[in-house]
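In: model this:
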Amino acid sequence: MTPLLQVIFGLVSDRFGRKWPLVINLFLVAVLSLGTGFVQTFQQFLALRSLFGIGMGGIWGLASATALENLPVEARGLASGIMQQGYAVGYLIAAVVNLYLVPHTSWRSLFFTGAGISAFAGVLRAFLPESEVFLRAHQERQNATEKPTQSKTRIFFHEVGQMLKNHWLLCIYAVLLMSGFNFLSHGSQDLYPTYLQESKEFTKFDSTVATIIGNCGAISYVVLLLLDLLAVF
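Out: The predicted structure follows:
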């Protein structure tokens with residue numbers, strides 16, 4: 001479900017900025033996560049998680065654009081790899097909550113925690129400035145000579161069309177690459193605790209501990225790689 005809002009919020013962020021679309025997106029995700037904690041049937045759960053997937057789609061693109069476009073070009077590859085560990089950190093937080101909080105409350109507390117983290121991130125982003133790169137690009141467009149009859153929307157979609165015309169092969173490659181990564185990550189990590197319980201007869205506690213260890217390993221690998229690169233340069 002995530003690609004739908006990725007496209008919508010990607011277009012909105014290129015037109016209106018990185019800041020407020022991301023803030024709206026984070027609060028939307030927080031509300032949907034909070035609502036998930038109050039569902040009473042599986043059908044309600046499935047509906048809200050589907051909407052959550054749509055809402056979640058816009059966050060990565062907006063956040064990565066904000067972070068990476070303000071870095072030197074030669075540092076963006078490394079920084080994007082570090083940002084990917086946000087997935088492992090979030091997985092780690094969820095596993096810790098599931099291990100220590102859920103047994104004493106209910107599974108609903110997992111979604112309440114997620115809602116709180118998303119809302120906190122939204123408030124934090126609201127107090128941070130807009131992307132400097134976007135502001136410069138926006139000012140350049142404002143200063144450019146344009147026909148009075150041309151609407152901003154028409155100009156914007158013309159620019160998008162030119163981008164796709166010039167870089168269509170790169171766009172297809174990026175979509176296929178990220179699709180492959182999603183199949184690998186969600187096809188393995190999401191089912192790994194269930195696999196340990198069903199096939200290896202782990203208890204829920206032990207399978208959660210194994211998940212925590214695995215995500216700590218993923219984060220540590222990137223930290224060690226970063227330290228190694230810093231030592232080289």
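
In: After the worst-scoring helix or strand of the chain on mean pLDDT, heading C-terminal, what element do we hit next?
Out: For the chain, the helix or strand with the lowest mean confidence is helix 2-16, at a mean of 76 (criterion: mean pLDDT, DSSP states H and E). Toward the C-terminus, helix 2-16 is succeeded by helix 19-36 as the next helix or strand (DSSP states H and E).

In: Which elements pack onto that following helix?
Out: The contact analysis (3 or more CB pairs under 8 Å, 6 or more residues apart in numbering; DSSP states H and E) places helix 19-36 against helix 2-16, helix 42-68, helix 108-126. C-betas here are computed from N, CA, C, even on glycine.

In: Centroid-nearest residue for this protein?
Out: The chain has Trp60 as the residue nearest its centroid, 3.0 Å off, counting by CA atoms, centre = their mean.

In: Just give the nearest non-adjacent residue to it, would you?
Out: Gln6 (7.5 Å; CB to CB, 6 or more residues apart in numbering).

In: Could you report the separation of the one you found from Gly187?
Out: In this view, Gln6 and Gly187 are 20 Å apart by CB to CB, to the nearest Å.

In: ok, back up a step: tabulate the helices and strands packed on helix 19-36 in a markdown table, adding columns for distance to Ala79.
Out: A markdown table is the format used below for the helices and strands packed on helix 19-36 (distance: least, CB to CB, whole Å):
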| stretch | distance to Ala79 |
| --- | --- |
| helix 2-16 | 18 |
| helix 42-68 | 6 |
| helix 108-126 | 18 |
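
In: Nearest to Lys165, out of the ones you listed?
Out: Nearest of those to Lys165, taken as CB to CB: helix 2-16 at 16.2 Å.

In: Which neighbouring elements make contact with that closest one?
Out: For helix 2-16, where contacts count as 3+ CB pairs under 8 Å, 6+ apart, the packed elements are helix 19-36, helix 42-68, helix 152-188.

In: Can you say which of these is packed in most?
Out: Compared across the helices and strands packed on helix 2-16, helix 19-36 shows the largest average neighbour count, a mean of 21 (mean count of other CB atoms under 10 Å).
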